[in-house]
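Q: Whatever this is, show me its structure:
(one chain, ligands or ions: 1)
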Amino acid sequence: MSNSNLVSYTKISPNKTSPRKHSIDTISIHCMAGNLSIEKCGDIFSNIDRKASSNYGIGSDGRIGMYVEESDKSWCTSNSDNDNRAITIEVANDGGANTGWHVSDKAYESLIRLLVDICQRNGIKQLLWRGDKHLIGQVDKQNMTVHRWFAAKACPGDYLYNLHPKIASDVNNILNNSNSKIQNESILSKETDEIIWNSLKRAGFTDVAAAGIMGNLYDESHLCSNNLQNSFNKKFNMTDEMYTHVVNNGSYSEIQFVKDGAGYGIAQWTYWTRKQGLYEYTIKHGFKIDDLSKQIEYLIIEISGLMSILNGADSIRNATYIVLTQYEKPGDQGIAVQNRRTEYAQKFYNKFSKNSKKQDGFFKVKIKRNNIRIKKGPGINYEDTGKTTGIGIFTIIETKDRWGLLKSYSNNKDGWIILDGLERI
Ligand SMILES: [Zn+2]
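A: Numbering: from 1, shown residues only. Here you go, the predicted structure:
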């Protein structure tokens with residue numbers, strides 16, 4: 001939940017205030033019973049003897065004033081319990097009592113925007129209105145209240161009172177739309193790694209192989225399906241979004257896309273035949289070029305030829321190396337790139353593999369090669385013990401960075417091995 005207001009308002013703080021004694025779960029809309037500017041309303045509130053204030057005020061010009069911080073209680077509804085839990089809003093009237101205290105369209109629009117903002121920031125999922133004063137305080141049934149229920153007043157005036165069902169529905173429509181938008185975004189941004197992992201597993205890759213593939217993909221694109229190779233963002237003067245947009249709408253033609261030499265998508269497809277394959281698989285079949293599911297499918301088709309060798313890899317480092325040198329084939333395949341991609345791969349393995357164990361405390365590793373050297377300290381520069389682990393299962397009792405202390409060296413803490421790519425059991 002964001003803490004900052006999305007609507008702009010003028011801060012006018014005429015009152016000494018006290019903190020709320022209840023969380024915000026209610027909305028109370030009032031009328032000013034007059035056509036006051038937000039500043040004029042603030043002047044009136046500034047007379048403390050009147051004991052009158054509200055959290056917000058809205059003028060007929062649509063401007064919003066804030067008088068009392070949301071974290072504080074206003075003196076507004078002639079009822080302390082209600083004021084402790086409600087955000088109170090005074091709305092100016094461009095018509096008199098004979099109109100039921102009419103409000104301007106601009107004031108109404110600002111009221112809706114302000115209410116959406118208040119609900120989003122305070123975790124109010126939707127506004128509920130039944131027009132029943134017996135439901136005061138039962139916020140799961142009704143979370144809007146009106147001044148007339150607490151005192152002998154016309155407030156908020158018949159005009160706004162009768163609009164309460166519409167106010168609730170206008171606000172809820174916006175809240176529902178933005179909720180589904182936020183959910184969609186979170187599927188794309190937060191769970192992309194899980195989607196890819198599950199797809200690779202369904203396709204038949206082992207955990208080690210899937211991790212090796214994902215470590216490479218992450219280094220290529222951060223798993224963004226609309227990622228354009230960074231150097232081409234500059235060269236084309238286009239953001240990832242702009243490039244993706246022109247490819248999708250056809251103004252950047254197939255031949256331009258295929259032959260421009262720019263890496264694109266989760267795997268940063270670059271070579272023209274592979275870009276052409278991606279284009280055919282997506283655009284030609286009515287999908288967008290940045291469609292994540294389609295890119296994953298295309299990736300799996302391409303890489304399936306390596307499945308048996310990848311599934312036979314004895315470590316995450318090896319799986320990562322196979323993908324690097326036989327699938328991604330970037331210009332730089334040096335040790336730094338190998339290390340970085342292995343590190344990413346290990347993170348995905350730790351996150352998703354049921355075989356992975358927590359980083360801290362004791363755990364066991366399975367070593368399938370007999371050439372893992374034992375160092376006297378946790379780093380490549382420490383003296384070599386002259387020994388290797390041999391093949392088998394070993395217990396690690398402490399870790400430092402990428403290194404693990406072998407249990408059999410616990411007395412002097414002088415037997416460490418590098419953990420990169422070792423399978424934890
Ligand atoms: Zn009132």
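Q: Name the residues of stretch 82-101 that are buried.
A: Residues of stretch 82-101 classed as buried under the neighbour-count rule (16 or more other C-beta atoms under 10 Å) are 82-94, 100-101. Every residue, glycine included, has its C-beta placed from N, CA and C.
Q: Identify, from these, the entry nearest to Leu406.
A: Arg85 (59.6 Å; C-beta to C-beta).
Q: How many residues are close by the closest residue to Gly261 other than its chain neighbours?
A: Once flanking residues are discounted, Gly261 sits nearest to Thr270: 6.7 Å by C-beta to C-beta, 6 or more residues apart in numbering. By other C-beta atoms under 10 Å, the residues close to Thr270 number 19.
Q: Equivalent analysis for the one 5 residues further on, please.
A: Neighbours of Lys275 under the rule other C-beta under 10 Å: 22.
Q: Quick check: it is in a helix.
A: Yes. With DSSP: H, G, I helix; E, B strand; the rest coil as the criterion, Lys275 is part of a helix.
Q: Show the contacting residues for it.
A: The contact partners of Lys275, by C-beta atoms under 8 Å, 6 or more residues apart in numbering, come to 257-258, 264, 269.
Q: can stretch 144-160 be found next to the ion?
A: Yes. Using C-beta under 5 Å from the ion, stretch 144-160 comes into contact with the ion via 147, 155.
Q: Go through that stretch and flag the buried ones.
A: 144-150, 153, 155-157, 159-160.
Q: So which bits of the chain are right by the ion?
A: 30, 147, 155.
Q: One more pass at 8 Å, please.
A: 28, 30-31, 76-78, 88, 90, 146-147, 153, 155-156 (C-beta under 8 Å from the ion).
Q: just how off-centre is the longest strand seen in the chain within its chain?
A: Identified as the longest strand of the chain according to DSSP state E is strand 392-400. Here strand 392-400 is found 36 Å from its chain centre; the criterion is C-alpha atoms, centre = their mean, to the nearest Å.
Q: repeat for stretch 384-398
A: Mean-position distance between stretch 384-398 and its chain equals 41 Å (C-alpha atoms, centre = their mean).
Q: what mean pLDDT does that stretch have?
A: On average, the pLDDT along stretch 384-398 is 88.
Q: Stretch 32-50 spans what distance, first to last residue?
A: One end of stretch 32-50 sits 15 Å from the other (C-alpha to C-alpha, to the nearest Å).
Q: Buried residues of that stretch, list them for me.
A: Quick answer for stretch 32-50 (16+ other C-beta under 10 Å): 32-33, 35-38, 40-42, 44-45.
Q: next one: stretch 275-289
A: Buried residues in stretch 275-289, counting neighbours by 16+ other C-beta under 10 Å, are found at 275-279, 281-283, 288-289.
Q: Same question for stretch 371-381.
A: Applying a neighbour-count criterion of 16+ other C-beta under 10 Å, the buried positions in stretch 371-381 are 372, 374-376, 378.
Q: Low-confidence stretches in the stretch 51-200 of the chain?
A: Where the stretch 51-200 of the chain drops to pLDDT under 70, the residues are 178-190.
Q: quick one, strands of it?
A: Listed in chain order, the strands of the stretch 51-200 of the chain (DSSP state E, counting those that start in this stretch) span 56-58, 64-66, 72-73, 86-91, 144-145.
Q: Ser8: which of those strands is closest?
A: Closest to Ser8 of the strands of the stretch 51-200 of the chain, according to C-beta to C-beta: strand 64-66, at 7.3 Å.
Q: name the helices or strands packed onto that closest one?
A: strand 10-11, helix 38-45, strand 56-58 (3 or more C-beta pairs under 8 Å, 6 or more residues apart in numbering; DSSP states H and E).
Q: Could you rerun that using 10 Å?
A: Strand 64-66 is packed against strand 10-11, helix 38-45, strand 56-58, helix 105-122, with contacts defined by 3 or more C-beta pairs under 10 Å, 6 or more residues apart in numbering; DSSP states H and E.
Q: That strand pairs with which strands?
A: Pairing partners of strand 64-66, with direction, according to DSSP bridges: strand 10-11 (parallel), strand 56-58 (antiparallel).
Q: Could you export those as TSV, including mean neighbour count and distance to Gln333?
A: As requested, the strands paired with strand 64-66 are exported to TSV (neighbours: other C-beta atoms under 10 Å; distance: least, C-beta to C-beta, whole Å):
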stretch	mean neighbour count	distance to Gln333
strand 10-11	12	58
strand 56-58	29	60
